[in-house]
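Asks: Predicted model follows, preceded by the sequence.
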Amino acid sequence: MKITNLAEGIDQLSINVEGILFESLWDMPKGVSINSYVVKGEKIALIDGVCGWDGVPESLYALLDRLEVDIKSINYLVLNHLEPDHAGWIEDFRKLHSDFEIICTDKGADLFEAFFGEGLTVRIVKDDDQLNLGGGKVLTFKTIPHVHWPDAMVTYDAATGILFTCDAFGSFGKLEGSALDDGYTDSEIDAYEAETIRYYSNILAPFSPFVIRAIDKLKCLDIKMIAPGHGLVWHSRVQKIMKDYLDYAGYQKGVARREVTLIWGSMYGMTEEAVKAAIEVLEVSQIKYHVHQVPISNWGEILSSVWRSSGVILAMPTYEYKMFPPMSAILEEIGKKKAQCRKAFRFGSYGWSGGAQKDLDEIIERSKLGWTFIEPHEFKGKPRDEDLQIIKTRVKDLIDSL
Ligand SMILES: Cc1cc2nc3c(=O)[nH]c(=O)nc-3n(C[C@H](O)[C@H](O)[C@H](O)COP(=O)(O)O)c2cc1C
Ligand SMILES: [Fe+2]
Ligand SMILES: [Fe+2]
């Protein structure tokens with residue numbers, strides 16, 4: 001639990017959440033922070049919520065206590081996004097205090113009713129609507145639909161240039177040191193980027209066209225600080241995080257980084273022998289590469305590296321006339337995230353009929369991934385020297401094509 005003052009009358013409340021799966025699905029080896037913000041004018045607004053996931057509203061109340069904000073003095077809850085990681089605590093909050101207004105978009109109001117029923121006052125806001133808290137604090141709203149849900153909006157304080165963005169510009173990774181990016185060196189921020197890409201690829205990736213639209217829409221604002229619902233507050237690197245997010249959104253349609261992701265699975269080590277040969281080529285080529293074994297590596301990690309890589313190598317055997325099942329499962333998920341237009345190469349072992357390749361072709365086609373494949377190579381049982389040679393040559397061709 002942590003409080004960070006961002007400007008006169010504007011504080012961040014943040015808690016770290018660990019040991020759970022985000023959306024009950026995505027592993028977070030480094031946890032995540034959930035941030036909310038208190039804006040004090042003559043009236044008080046609380047933007048988004050810090051608890052809900054940990055199921056401990058007391059964490060929010062303890063933070064408000066430390067800020068000397070009486071819960072009953074809160075006039076507005078600004079809900080940029082109704083997903084329960086930010087709004088789940090309202091159920092508890094309303095038991096203590098009910099004389100406040102909810103501020104959200106029309107889509108947010110619909111979700112609010114679905115999650116929390118009726119009985120609270122909801123004010124629907126549209127683009128450029130304002131909420132005057134008095135004391136020089138005027139909040140302006142802009143909708144950013146589908147970043148992440150249809151209800152999403154951002155809240156802007158023109159006086160300080162702080163933009164409260166909820167899921168947009170967020171990152172995984174718990175916050176242990178400074179809550180602001182100013183507290184970190186460029187190389188620390190470079191290392192932290194892995195958590196931003198993992199968050200983006202796991203949570204926001206399918207909505208990339210909306211992310212591009214949102215960033216375009218926000219360009220007209222003089223943004224001095226980006227205060228998201230997850231991860232670091234961006235202050236010295238506002239332009240960088242906006243550009244990074246634009247780049248990540250662009251990775252959906254094809255050219256990503258000059259990196260290769262190798263995903264492999266093998267039951268009895270036949271395909272694995274060829275994987276080792278492929279890795280030798282990647283190693284000497286000095287290209288940045290990521291290796292994941294299915295079903296052992298977690299999906300979030302695999303998606304994160306596929307998202308950033310322009311090249312993908314898939315290695316798996318045939319299993320019951322189809323491909324090795326955990327490989328089709330992750331490819332289906334990659335299809336749903338729409339990591340399109342990669343350069344790719346596939347190889348693998350079979351016993352008698354084969355079938356993995358046909359299965360792969362069908363998934364790629366059905367998911368409209370539009371990947372360009374180098375000629376695949378299949379071998380019966382154990383790979384012979386000729387097989388290993390062919391695979392090495394094609395891995396090199398793939399690298400050269402990036
Ligand atoms: C449960 C099971 C199902 C299999 N189904 C097929 C099949 O339908 N067609 C085929 O050609 N080979 C099939 N095979 C054979 C494997 O593809 C073959 O043994 C291959 O060498 C395994 O490579 P790996 O050691 O990399 O897993 C199957 C093997 C297992 C264990
Ligand atoms: Fe969300
Ligand atoms: Fe979120």
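Replies: Received the coordinates, thanks. Residues are numbered from 1 along each chain as shown. Ligands and ions are numbered 1, 2, ... in the order given.

Asks: I'd guessed residue 27 sits against residue 18; true?
Replies: No - the criterion here is Cβ atoms under 8 Å, and residue 27 misses it with residue 18 at 11.2 Å. Where you see a C-beta, it was placed from the backbone N, CA and C, and this is true even at glycine.

Asks: Looking at these two, which is more packed in?
Replies: Using other Cβ atoms under 10 Å as the criterion, residue 27 and residue 18 rank with residue 27 on top: 16 against 11.

Asks: The more buried one and residue 122: what is the separation?
Replies: 35 Å (Cβ to Cβ, to the nearest Å).

Asks: what does residue 257 give?
Replies: Taking Cβ to Cβ, one finds residue 257 at 43 Å from residue 122.

Asks: contacting residues for residue 186?
Replies: If a contact means Cβ atoms under 8 Å, 6 or more residues apart in numbering, then residue 186 has no contacts.

Asks: can you rerun that using 10 Å?
Replies: Going by Cβ atoms under 10 Å, 6 or more residues apart in numbering, residue 186 touches 236-237, 240.

Asks: cool, and residue 18?
Replies: Here residue 18 is in contact with 28-32, 54, 174 (Cβ under 10 Å, 6+ apart).

Asks: From these, list the buried ones, please.
Replies: 28, 30-32, 54, 174 (16 or more other Cβ atoms under 10 Å).

Asks: Reformat the residues you listed as JSON lines; add pLDDT.
Replies: Below are the buried ones among the contacts of residue 18 laid out as JSON lines (pLDDT from 0 to 100):
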{"residue": "28", "pLDDT": "93"}
{"residue": "30", "pLDDT": "95"}
{"residue": "31", "pLDDT": "95"}
{"residue": "32", "pLDDT": "95"}
{"residue": "54", "pLDDT": "54"}
{"residue": "174", "pLDDT": "94"}
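
Asks: Kindly report the residues of the protein close to ligand 2.
Replies: The chain has residues 83, 148, 167 near ligand 2, with proximity defined as Cβ under 5 Å from the ion.

Asks: please redo it, this time with the cut-off set to 6 Å
Replies: Residues of the chain lying near ligand 2 by Cβ under 6 Å from the ion: 81, 83, 148-149, 167.

Asks: out of those, which is most surrounded?
Replies: When neighbours are counted by other Cβ under 10 Å, residue 81 leads the residues of the chain next to ligand 2 with 27 neighbours.

Asks: Count the residues that sit near the residue lying closest to that residue once chain neighbours are set aside.
Replies: Nearest residue to residue 81, sequence neighbours excluded (Cβ to Cβ, 6 or more residues apart in numbering): residue 166, at 4.4 Å. The tally of other residues near residue 166 (other Cβ under 10 Å) stands at 31.

Asks: residues touching the closest residue to ligand 3 within the stretch 1-150 of the chain, list them.
Replies: Nearest to ligand 3 in the stretch 1-150 of the chain, going by Cβ to the ion, is residue 85, at a distance of 4.4 Å. Contact analysis of residue 85 by Cβ under 10 Å, 6+ apart lists 17, 22-23, 32, 34, 48-53, 166-167, 203, 229-230.

Asks: Straight-line length of stretch 328-345, end to end?
Replies: 15 Å (Cα to Cα, to the nearest Å).

Asks: What is the distance between it and the centre of its chain?
Replies: Here stretch 328-345 is found 16 Å from its chain centre; the criterion is Cα atoms, centre = their mean, to the nearest Å.

Asks: quick one: is that stretch near ligand 1?
Replies: No - using Cβ under 6 Å from any ligand atom, we find that stretch 328-345 stays clear of ligand 1, coming within 13.5 Å at best.

Asks: Quick check: buried residues in that stretch?
Replies: By 16+ other Cβ under 10 Å, the buried positions in stretch 328-345 come out as 328, 330-331, 333-335, 337-345.

Asks: coming back round to it: export the buried ones among the contacts of residue 18 to a markdown table and tack on distance to residue 400 and secondary structure?
Replies: Output for those, formatted as a markdown table (distance: Cβ to Cβ, whole Å; DSSP: H, G, I helix; E, B strand; the rest coil):
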| residue | distance to residue 400 | secondary structure |
| --- | --- | --- |
| 28 | 36 | coil |
| 30 | 35 | coil |
| 31 | 39 | coil |
| 32 | 39 | strand |
| 54 | 49 | coil |
| 174 | 40 | coil |
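
Asks: right, and out of those residues, which lies closest to ligand 2?
Replies: So of the buried ones among the contacts of residue 18, ranked by how close each gets to ligand 2 (Cβ to the ion), first place is residue 32, at 11.4 Å.

Asks: That closest one and ligand 1, how far apart?
Replies: 36 Å (Cβ to the nearest ligand atom, to the nearest Å).

Asks: partners of that residue in the sheet?
Replies: residue 17, residue 173 (DSSP bridges).

Asks: give the contact list for it.
Replies: So residue 32 contacts 15-18, 20, 22, 26, 53, 85, 170-175, 195, 199, 229-231 (Cβ under 10 Å, 6+ apart).

Asks: switch the cut-off to 8 Å
Replies: Residue 32 neighbours (Cβ under 8 Å, 6+ apart): 16-18, 22, 172-174, 199, 230-231.

Asks: just the residues you listed that are near ligand 3?
Replies: Among those, ligand 3 is touched by residue 230 when using Cβ under 6 Å from the ion.

Asks: Drop anything exposed from the contacts of residue 32.
Replies: For the contacts of residue 32, buried by 16+ other Cβ under 10 Å: 16-17, 22, 172-174, 199, 230-231.

Asks: which two from the residues you listed end up farthest apart in space?
Replies: Greatest spacing in these, by Cβ to Cβ: 16 and 199 (14.4 Å).

Asks: Residue 245 sits in which helix or strand?
Replies: Assigned by DSSP states H and E, residue 245 belongs to helix 238-250.

Asks: Dump that helix to PDB, restricted to CA.
Replies: Extracted in PDB, the C-alpha atoms of helix 238-250 (Å, rounded to 0.1, in the frame of the first residue of the first chain):
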ATOM      1  CA  VAL A 238       5.200  10.800 -21.500                       C
ATOM      2  CA  GLN A 239       6.000  10.900 -25.200                       C
ATOM      3  CA  LYS A 240       8.000   7.600 -24.900                       C
ATOM      4  CA  ILE A 241       5.100   5.600 -23.400                       C
ATOM      5  CA  MET A 242       2.700   7.000 -26.000                       C
ATOM      6  CA  LYS A 243       5.000   6.100 -28.800                       C
ATOM      7  CA  ASP A 244       5.700   2.700 -27.300                       C
ATOM      8  CA  TYR A 245       2.000   2.000 -27.100                       C
ATOM      9  CA  LEU A 246       1.600   3.100 -30.700                       C
ATOM     10  CA  ASP A 247       4.400   0.700 -31.700                       C
ATOM     11  CA  TYR A 248       2.800  -2.200 -29.800                       C
ATOM     12  CA  ALA A 249      -0.500  -1.600 -31.500                       C
ATOM     13  CA  GLY A 250       1.300  -1.500 -34.800                       C
END
